[in-house]
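Colleague: sequence first, predicted model second:
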Amino acid sequence: MVYAHQIFVCTNQKGSVGRDVAKALKHALKDQDLKTVRTADGEKQRNAVQECDCLDRCKHCKKGPGAALVVYPDGVIYGDVQPTDCATIVREHLGGGRLVTSLLIS
Ligand code: FES
């Protein structure tokens with residue numbers, strides 16, 4: 001199945017925030033019924049979350065209070081993400097196509 005979005009979450013911090021963010025994103029996808037979506041022509045696509053190593057945004061990750069993550073194919077990077085931000089990212093970005101500007105980093 002083709003991916004609608006893949007979210008890669010850095011888990012390179014000393015603590016567990018990256019893994020907690022990845023778990024919260026997966027729960028949000030399930031809770032908001034966005035694990036799979038259909039395109040305008042009816043094709044089924046997946047939204048997936050994967051853990052990864054450093055995304056080279058450490059100032060907004062292991063040196064801050066949360067984790068960095070990147071949303072593909074959009075190339076959007078969010079930083080200092082806490083588990084409590086995940087429902088918003090899923091609802092606004094994946095569900096609504098709107099950026100969560102308060103978490104955006106370059
Ligand atoms: S340690 Fe997470 S982006 Fe570098």
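Modeller: Cool, got the structure.
Colleague: show me what counts as buried in stretch 96-106.
Modeller: Residues of stretch 96-106 classed as buried: 100, 103 (neighbour count, 16 or more other CB atoms under 10 Å). To be clear about C-beta, it is placed using only N, CA and C from the backbone, and glycine gets the same treatment.
Colleague: got the contact list for it?
Modeller: Here stretch 96-106 makes contact (CB atoms under 8 Å, 6 or more residues apart in numbering) with 57, 60, 68, 76-81, 85, 88-89, 92-93.
Colleague: repeat that with 7 Å
Modeller: By CB atoms under 7 Å, 6 or more residues apart in numbering, the residues outside stretch 96-106 that reach it are 57, 60, 76-81, 85, 88-89, 92-93.
Colleague: can you give me the end-to-end span of it?
Modeller: End-to-end span of stretch 96-106 (CA to CA, to the nearest Å): 21 Å.
Colleague: does it come close to the ligand?
Modeller: No. Stretch 96-106 does not reach the ligand (CB under 6 Å from any ligand atom); its nearest approach is 10.0 Å.
Colleague: from the middle of its chain, how far away would that stretch be?
Modeller: Mean-position distance between stretch 96-106 and its chain equals 11 Å (CA atoms, centre = their mean, to the nearest Å).
Colleague: tell me the mean pLDDT for it?
Modeller: Mean pLDDT, stretch 96-106: 95.
Colleague: show me where this protein has its strands.
Modeller: Along the chain, counting by DSSP state E, strands occupy 2-10, 36-38, 44-52, 67-72, 76-81, 104-105.
Colleague: avg pLDDT for the first one?
Modeller: Think strand 2-10. Averaging pLDDT along strand 2-10 yields 97.
Colleague: same deal with stretch 43-56?
Modeller: Per-residue scores along stretch 43-56 average to 97.
Colleague: how close does the residue nearest the centre of the chain get to the ligand?
Modeller: In the chain, the residue lying closest to the centroid (CA atoms, centre = their mean) is Ile7, at 4.3 Å. Distance of Ile7 to the ligand, computed by CB to the nearest ligand atom, to the nearest Å: 14 Å.
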